[in-house]
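Trainee: have a look at this prediction, sequence included:
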Amino acid sequence: MQHDQTDSDLGREFPYLIHDCEQLASLILNGWLLDGRSGGLVRGRLHSEGHILMVQPSRTPGAYQFVGYMEGGEYLMSVGATATHFHRLEEINSDKTPRG
């Protein structure tokens, strides 16, 4: 896959299932997926460059399903960390401090 591909270039409509290890490995190696289980800063393409796909294990054993998009620069947090620090996250997201 090339860096400037779009979702339609993947040859499937979203949401879709990833059924085999080769397809999953190809998406990871080409920057379309990253392992976000540990959370943290997402590094990768911006939405304007084709996004990063979010997938999760599906009900079909060995398959993953598409659940959304992220872009480089966003921060991924676990459900537990979000619940624990919810009020702090609300403060951060509502911050109107001028940048510069």
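Mentor: Happy to help now that I have it.
Trainee: torsion angles phi and psi at H85?
Mentor: Backbone torsions of H85, given as degrees, to the nearest 10, read phi -110, psi 20.
Trainee: ok, it - contacts?
Mentor: By CB atoms under 8 Å, 6 or more residues apart in numbering, the contact set of H85 is M77. Where you see a C-beta, it was placed from the backbone N, CA and C, and this is true even at glycine.
Trainee: ok, now how distant is it from E74?
Mentor: The gap separating H85 from E74 is 16 Å, by CB to CB, to the nearest Å.
Trainee: helix/strand/coil for I28?
Mentor: At I28, secondary structure determined by DSSP: H, G, I helix; E, B strand; the rest coil is helix.
Trainee: next, count neighbours for the nearest residue to it once chain neighbours are set aside.
Mentor: Nearest residue to I28 in three dimensions, chain neighbours excluded: L34, at 7.1 Å (CB to CB, 6 or more residues apart in numbering). Neighbours of L34 under the rule other CB atoms under 10 Å: 18.
Trainee: OK, contacts around L34?
Mentor: Applying CB under 8 Å, 6+ apart, we find L34 in contact with 28, 42-44, 52.
Trainee: show me where the protein has its strands.
Mentor: Secondary structure of the chain, counting by DSSP state E: strands at 17-18, 40-41, 52-57, 64-70, 75-76.
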